[in-house]
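**Student:** Please find the sequence and the predicted model below.
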Amino acid sequence: MSVSNLLVPNNYNILQNSLSYFVQSVPVSFNFTGPFAMTASYTYVRVGDVVTMVLTGQLNTATAATTFVSTGMLPAIIKPVHAQDIIIFGENNGATASLDMHIGSDGTLTVSVLAGPNFTNSALCGWGQVGFTYSLA
């Protein structure tokens with residue numbers, strides 16, 4: 001016996017499989033303020049309480065020594081109960097750097113330099129496409 005997936009559209013502009021609570025998004029635009037204004041996009045897959053996200057970014061010259069902060073929030077369906085910190089790799093001061101991707105329980109994203117927290121002004125900074133997984137619990 002085999003079971004096929006039943007996909008039902010809903011108001012999150014995503015597809016939800018009612019048999020195993022599987023949710024997959026379409027690309028969503030996301031803006032950041034910080035060292036420079038950035039428009040990124042993300043997609044995600046949620047299976048149960050685990051979310052895997054792919055977030056695009058960009059590299060550019062910083063015009064301010066600060067952190068990146070999202071101007072919007074993640075949808076409720078993928079907001080963690082407790083804040084999550086995930087290490088990603090990107091650029092700061094024109095060199096590879098470890099960055100902290102902070103996902104707040106309110107759904108905001110903040111990206112800072114792990115050794116910083118601010119990115120260096122007047123130098124290349126940011127990140128390319130990154131993928132990461134986190135728990136909602």
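**Tutor:** Received it, and whenever you're ready, just let me know what you need.

**Student:** Other residues contacting stretch 100-107?
**Tutor:** 55, 73-76, 78-88, 109-114, 117, 130, 132, 134 (CB atoms under 8 Å, 6 or more residues apart in numbering). Using the backbone N, CA and C atoms, a C-beta is placed for each residue, glycine as well.

**Student:** Filter the residues you listed down to the buried ones and express that as a PyMOL selection.
**Tutor:** Isolation of the buried members of these (16 or more other CB atoms under 10 Å) is achieved in PyMOL through the command below:
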select buried, resi 55+74+78+79+80+84+86+88+109+110+111+112+113+130+134
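
**Student:** Which of the contacts of stretch 100-107 fall in helices?
**Tutor:** Among the contacts of stretch 100-107, the subset assigned to helices under DSSP state H is empty.

**Student:** Go ahead and confirm residue 127 touches residue 111.
**Tutor:** Yes: if you go by CB atoms under 8 Å, residue 127 and residue 111 touch, sitting 7.1 Å apart.

**Student:** shared neighbours, these two?
**Tutor:** 88, 90, 99.

**Student:** Return the member of these nearest to residue 23.
**Tutor:** For the shared contacts of residue 127 and residue 111, the residue nearest residue 23 by CB to CB is residue 88; the value is 22.6 Å.

**Student:** and the end-to-end length of stretch 46-58?
**Tutor:** Its first and final residues considered, stretch 46-58 spans 25 Å by CA to CA, to the nearest Å.

**Student:** How far away from the center of its chain is that stretch?
**Tutor:** Distance of stretch 46-58 from its chain centroid, counting by CA atoms, centre = their mean, to the nearest Å, is 7 Å.

**Student:** now swap in stretch 48-68 and tell me
**Tutor:** With CA atoms, centre = their mean, you get 6 Å for stretch 48-68.

**Student:** same check, this time on stretch 43-51
**Tutor:** 12 Å.

**Student:** Quick one: mean pLDDT over it.
**Tutor:** Average pLDDT, stretch 43-51: 91.
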